[in-house]
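Novice: model this:
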Amino acid sequence: MAEQQVLTVDGMSCTGCERRITSALRDVSGVTEALADHKAGTVTLAVGAEFGSPDVVRQTIEDLGYELVNE
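Specialist: Predicted structure coming up:
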């Protein structure tokens with residue numbers, strides 16, 4: 001069963017930002033679903049048992065030019 005996590009992300013300003021983050025996070029091993037919402041400033045992740053370190057999620061978000069506020 002997937003665990004759901006809601007992360008706060010600063011710097012998203014449009015649907016293009018949502019698409020970039022969603023697409024990149026869906027490629028992270030163990031992430032089964034990702035949904036970014038620029039208006040709320042959140043990213044909702046569903047992660048499976050094979051999900052590794054949350055540091056990979058942080059790095060992925062930061063590499064795109066956004067800031068993860070919480071983990």
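Novice: helices or strands up against the longest helix anywhere in the chain?
Specialist: Identified as the longest helix of the chain according to DSSP state H is helix 15-26. Helices and strands touching helix 15-26, by 3 or more C-beta pairs under 8 Å, 6 or more residues apart in numbering; DSSP states H and E, are strand 31-37, strand 42-47, helix 54-63. Glycine gets a C-beta too; all of them are placed from N, C-alpha and C.
Novice: could you redo the last one with a cut-off of 10 Å?
Specialist: strand 3-10, strand 31-37, strand 42-47, helix 54-63 (3 or more C-beta pairs under 10 Å, 6 or more residues apart in numbering; DSSP states H and E).
Novice: so how far is the last one from its chain's centroid?
Specialist: In terms of C-alpha atoms, centre = their mean, to the nearest Å, the centre of helix 54-63 is set 8 Å apart from its chain centre.
Novice: who's in contact with the next helix-or-strand element following it?
Specialist: Note on helix 54-63: by DSSP states H and E, the next helix or strand toward the C-terminus is strand 67-68. For strand 67-68, the external contacting residues (C-beta atoms under 10 Å, 6 or more residues apart in numbering) are 7-12, 43, 54, 57-62.
Novice: measure stretch 4-20 end to end?
Specialist: Criterion C-alpha to C-alpha, to the nearest Å; first-to-last residue distance in stretch 4-20 is 20 Å.
Novice: and the contacts of it?
Specialist: Residues from elsewhere that reach stretch 4-20 (C-beta under 10 Å, 6+ apart): 21, 25, 31-47, 51, 54, 57-58, 61-62, 64-71.
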